[in-house]
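Asker: Sequence plus the predicted model coming up.
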Amino acid sequence: MLDQARGVHKIVEKDLFAEADCTLGRIEQDRGATQTLWIDNATHLVRMDVFEHGSQRESLFSVAALGEKVDVGLFVYDPDATHAANRRELSRQAPESLKGKSAPDFTLRDLERRQVRLSDLRGPIVLLDFCGNSRGKCCPTSN
């Protein structure tokens, strides 16, 4: 996991979390953000994930149970029961009337947590790249 992380990563120490021996991995990311992972030595599962950026701190706790019997019915996908729609069919039926029109204005936060309004980015070309990560953050990108 750490070998695929973006940024400088290193093993920093050993610690106990929820009665499990863990190895702490730290990832120094862009713009001063740091992510620390408590990795269970026995199962190699991430038990806790702490993201820090400036004065902001976000902790994600993982609950994992291994070796338990799970009802296989939980993994059955039934589109009729959920009234799921076929996305390909919906896109074929989408109206062409929006082609070439301006997108409605909206506001999101960038990676520095500043508000960015789509209308402020209008110009010859605006490319929106909704790059969600494990924290559900997205960032508009302009060109």
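Answerer: Happy to help now that I have it. Numbering: from 1, shown residues only.

Asker: next helix or strand past the helix or strand where residue 92 lies?
Answerer: Taking DSSP states H and E as the definition, one finds residue 92 inside helix 87-93. Downstream of helix 87-93, the next assigned helix or strand under DSSP H and E is strand 107-109.

Asker: next one: whichever helix or strand comes after that following strand to chain centre, how far?
Answerer: Moving toward the C-terminus from strand 107-109, the first helix or strand encountered (DSSP H and E) is strand 115-117. Mean-position distance between strand 115-117 and its chain equals 20 Å (Cα atoms, centre = their mean, to the nearest Å).

Asker: Counting neighbours, which bits of strand 115-117 end up buried?
Answerer: residue 116 (16 or more other Cβ atoms under 10 Å). Quick note: C-beta positions are derived from backbone N, CA and C, even for glycine.

Asker: let's number from 310 now, not from 1
Answerer: All set: I'll call the first residue 310, so the last point we hit is now strand 424-426.

Asker: helices and strands around it, which ones?
Answerer: Counting contacts by 3 or more Cβ pairs under 8 Å, 6 or more residues apart in numbering; DSSP states H and E, strand 424-426 packs against strand 416-418.

Asker: Now do the strand it packs on, average pLDDT.
Answerer: Looking at strand 416-418 alone, the average pLDDT works out to 85.

Asker: Packing partners of it?
Answerer: Judged by 3+ Cβ pairs under 8 Å, 6+ apart, strand 416-418 is in contact with strand 424-426.

Asker: Show me the contact partners of the strand it packs on.
Answerer: 414-419, 449 (Cβ atoms under 8 Å, 6 or more residues apart in numbering).

Asker: Report the buried residues of whichever strand or helix holds residue 319.
Answerer: Assigning secondary structure by DSSP H and E places residue 319 in strand 317-326. Residues of strand 317-326 classed as buried under the neighbour-count rule (16+ other Cβ under 10 Å) are residue 318.

Asker: now that strand: mean pLDDT?
Answerer: If you average the pLDDT values across strand 317-326, you get 84.

Asker: Now the element after that strand, going C-ward?
Answerer: Counting by DSSP H and E, the next helix or strand C-terminal to strand 317-326 is strand 329-337.

Asker: re earlier: just checking, what packs against the strand holding residue 319?
Answerer: For strand 317-326, the elements it packs on are strand 329-337, strand 343-349, judged by 3+ Cβ pairs under 8 Å, 6+ apart.
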